[in-house]
Structure formats: C-alpha cells, structure tokens
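Trainee: When you get a sec, could you give me coordinates for this:
(2 chains)
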Amino acid sequence: MNLERLIEAGEEKGFEVEQDADYGAGPIDVVWNINVHPALPNIKFGFIVLGGEEEGGSKDTEDNQLSIRKIEEATFRGLRSGLDKVYLVTENEEMEKSVSGKIEWLASHGSLIRLDAISLGLYPEQQESSVIIPSQQRVPEGEKIRKEKEREREEKFDKHNRPQGERRENGKGIKV
Amino acid sequence: MNQQGENAYSDSEQRTQEKRQLLETLKTPVIQLGRDMGYEIIENHDLGAGPVHVVWLFKPGSESLPDMRLGFICLTEFSNSSINEGIARAMLNLIDKLVFVVTTETMTKQVKDAIESMPDRSILQLRKYVTVLTPSTLVSKQGIKGARERRSSQTGGEVI
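Mentor: I've put the predicted structure just below:
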C-alpha cells in the first residue's frame, strides 16, 4: 500500500514523521510526532496498515472484511508502543467502514479501555471524517417531525377506513 | 508437486493438533485449582473479542459489589503479536486481571520483559494488569503467603 500521502501530509503539517518504527511491540508503519507546545509532551499518532495476508486458508479481505483478531492485535500493538492514537489503514472505503464499525462494536461492551477513543479505521484517500456518528445526531430534527406527521396521518387513515371492530388503538394492535 | 502440497497440509494439521493438546495441558491445572479453591469456572469465555481460555469468577458475597473475573490465556509460543492479541481479548471481554499461562520459565521471562519494556509515557500500565506464570508455579505456590500478607501478620494487622 502506498503510504506516501500520509507521510507527505504529516510533513506538510510540520510534524516529525517516522517510517517503519518499532518500539518493541511490533512494527508501526508511520508515526507522526506532533509537537503541540514546547511545554507539553509530543503527541504520537500511529498508522498501521491492516493487510489481507492468508489466514486459515483464505484471504480475509475477499469480502472487504478484516477479522476482529487483526484489529485487536494492531490496536494493542500501537498502545504497547506508547502511541496516543492508533489509526488502522485499510485498502478501501468499504474495509475502513467495516473496521470502524467493528471498533465501535467492541467498545460497546463497556470494557476497561474505550477502544473507539484511541483507534479508528482509515483508507489512504480519505478526505471526509471517519468517525461514526450516532444515529441520534445523524438524523436531522426535521426527519423526526416528518415521521411523527406520517404516523398521525396513518392513524387518521386507520380511524376512517377500517371497520369499527378492527380499529387500531394507540398502536397496541388490532382490537377484536 | 501435489505430493508436496499434501505433505505440507498434513504437517500443518499435525502442528495444529499438537498446539491444541498443549493448550489443554496448560488449561487443565488452572481449571482444577480454580475448582478446588471454590471459584466458578468459565471455559472459553467470549463476549465477541475472542476466547479467554479459563476464567475464575470471584463473587464477593454482596449484591452491591461486582463480580471479579480473573482471566487465564495460554500462550504456546512467544511472539509480540500473541501478547498484543491476548491483552486485547482480555480487556475487551471485561476481564479484571489477566494471567498469561506459558510453557517454560524461559518463556515467563520473555513475556514479562516484553510487557515491562513498554515506553514510560504509555497510557496503559500493563504490569498492573498482567501476570505471567507456568502451571507448575501456580500449583506449587498454592498456600504460600504473599509478601504483603506476611508483612501485615508481622505488624499485627487487623483481621476483620
């Protein structure tokens, strides 16, 4: 995978960029050392490429899915290496979505560590945010109002068109 | 060529079989000791992050206190990726403390060194979370008082 974009982006922003670093827990493909302020310690962003090498006889990227095992291993490789954030770089957008989704799911169990706070899926050409937005924020306010109006209309329709014995009451099913 | 392929397949099959047997050998004394000590035992505990081979479930006896889970993951060979994966599985499966069960004392040292060699600035203090031992250490040290217990009994610590 071509990581030139990532390296260039880091250098353009003035960060110190390391390639193929290894701090003792396994290889990290790219590291951005960000100096936010002379009085503060550097922040380290690590990028690890998730490969699709053979696993159990078949390539696990054939259906754009990467195994949970690989995601866990790479994230903890980053954590054990002292990185502040670990970005998992995938081949394409679909894989990136699958990885970010799995991270969210693993974080949802409420464990000691919030996996979604430290790691995220990315693909090299990514321009838009990779953060998964909860549906409550994603669905605009207007959408909810529209749904309420639809429900009211359906209720009215039910009231005037169904035979009296089969009318729906408060959405609790059909009254017999 | 075909013959070679078949041989390679049977070799890998044999290795998998041996690994499985070794895993069982490592698990058995952990399960036995946990049962003897009266803990609830869960084999292959998995909430979705991958199996934790054995869990001792400790119930403090009060409804207002949470259960404690001591997880055991058996390592048949030393590699950084298997350590990374083991820690991830334990943390994400809500294990409170992790014990790596390894085959030899040499491997105990290798794994311990790998865990303790983390950069100082890391957000995790893994040596507080992970213990490494062999099954024989676990069984032989049963009933021996730890340093802290010894100290409290010497200084006349209060027994509640």
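Trainee: can you pull the pLDDT of the residue lying closest to residue B:117 once chain neighbours are set aside?
Mentor: Spatially, and ignoring its direct neighbours in sequence, residue B:117 is nearest to residue A:24 (5.1 Å; CB to CB, 6 or more residues apart in numbering or on different chains). Just so you know, the C-beta spots here come from the backbone N, C-alpha and C atoms, and that holds for glycine as well. Looking at residue A:24, its pLDDT reads 89.
Trainee: Now do the longest helix along chain B: which elements does it pack against?
Mentor: The longest helix of chain B (DSSP state H) is helix B:2-36. Counting contacts by 3 or more CB pairs under 8 Å, 6 or more residues apart in numbering or on different chains; DSSP states H and E, helix B:2-36 is packed against strand B:40-45, strand B:52-58, strand B:68-74, strand B:97-101, helix B:135-140.
Trainee: okay but residue A:23 is in contact with residue A:82, surely?
Mentor: Yes: counting by CB atoms under 8 Å, residue A:82 is a contact partner of residue A:23 at 6.1 Å.
Trainee: on that earlier part again, state whether the residue nearest to residue B:117 and residue B:113 are indeed in contact, as I suppose.
Mentor: No: with contact defined as CB under 8 Å, residue A:24 does not count as touching residue B:113 (9.4 Å).
Trainee: Contact residues of chain B facing chain A?
Mentor: Residues of chain B lying close to chain A (CB under 8 Å from any CB of the partner chain) are B:47-50, B:80-81, B:83-85, B:87-89, B:91-94, B:114, B:117-124, B:126.
Trainee: Mind pulling the model confidence for residue B:40?
Mentor: pLDDT, read off for residue B:40, is 95.
Trainee: Excluding chain neighbours, what is closest to it?
Mentor: residue B:57 (4.0 Å).
Trainee: can you pull the contacts of that neighbour?
Mentor: By CB atoms under 8 Å, 6 or more residues apart in numbering or on different chains, the contact list for residue B:57 reads B:39, B:40, B:41, B:42, B:67, B:68, B:69.
Trainee: Give me the angle between the longest helix of chain B and strand B:97-101.
Mentor: 130 degrees (axes from the mean of the first three to the mean of the last three CA atoms, to 10 degrees).
Trainee: hmm, which of the residues of chain B next to chain A are the buried ones?
Mentor: B:49-50, B:80, B:83-85, B:87-89, B:91-94, B:114, B:118, B:122, B:124, B:126 (16 or more other CB atoms under 10 Å in any protein chain shown).
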